Every structure is written in C-alpha cells, then in structure tokens.
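J.: sharing a model that was predicted from the sequence below.
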Amino acid sequence: MEKNNSWKKLIEFTIAIVAIATLAKMYYEAKLLDLTIGILNLEFGGKSIHRVSCKSLMYIMRNSEPDQLFTEEMKSDGWKLTDVYGRGHLFERNGEEILVIAREHLGRYKVFEIQNKHYFLSLEEA
C-alpha cells in the first residue's frame, strides 16, 4: 500500500512540474510572438516606436532611435519622466509611479518593459 502511495505522489509531482513548465513556455512564447509582431510593425509599418501589446507591457523601437522618442510616447499618454536610474525610467501620473526597464533585443531594437500592470489597464479605460 505504501508503495502505491509513493508512486501516486511521484506521478502527481511530475504532472505539477510539467504543468508549470508548460505555462512558463507559453508565457515566454507569447512575449516572443508579441515582440516579433512589434518588429514587423517597425520594419514594415513605418513606425518609429510600437506598443507591443497590453498583455506584454512593452514598447519596442529601433536601437538607433533616441530614448526621448519613448519618453515622448509616454508623455502623450499623460506620464511625466521623473528620474532615470541606468536602464530604469521612472514615470509619474496623478500620484502613481511606474518603472520602465530598457533592454536591448537582438542588438538592433530596444524594448521598454513596464513593471506596473496598472499602466495598461489605464490605457484600456481611456
């Protein structure tokens, strides 16, 4: 009886690990797909900066473009740049602050990832 119990626990543990790995892979692939669509919009859509998607909380632009382009995009949504900490940009609007991290992607693009989900929720309400 004890042997059956240990097998059952092993199977349950294995199923849990597989489920977690599957969810993580789906999340990563969704971000990759969103970034690919963003790159296509930059290259073939004539855009300088592109809001990747509401679920990924990212903007993408060419590495050759100045960061000010991103700052202006945020300003048009009502956000004011308050400080820059290395790759981190701190924005404020109506007493709420958000942190945006700039990362290089494929050496040719910059990705600005917003660390606060409320930012995109406010975009959907507008």
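T.: Now that the structure is in, tell me what you want to look at. Numbers count the residues shown, from 1 in each chain.
J.: roughly how far does residue 48 sit from residue 102?
T.: To residue 102, residue 48 is 15 Å away according to C-beta to C-beta, to the nearest Å. Glycine gets a C-beta too; all of them are placed from N, C-alpha and C.
J.: residue 39 in helix, strand or coil?
T.: helix (DSSP: H, G, I helix; E, B strand; the rest coil).
J.: what's the per-residue pLDDT of it here?
T.: Per-residue pLDDT puts residue 39 at 83.
J.: tell me the gap between the lengthiest strand in the chain and the middle of its chain.
T.: Using DSSP state E to define each element, the chain has its longest strand at strand 96-105. The chain centroid and the centroid of strand 96-105 are separated by 9 Å under C-alpha atoms, centre = their mean, to the nearest Å.
J.: what's the following helix or strand after it?
T.: Next helix or strand after strand 96-105 toward the C-terminus (DSSP states H and E): strand 109-114.
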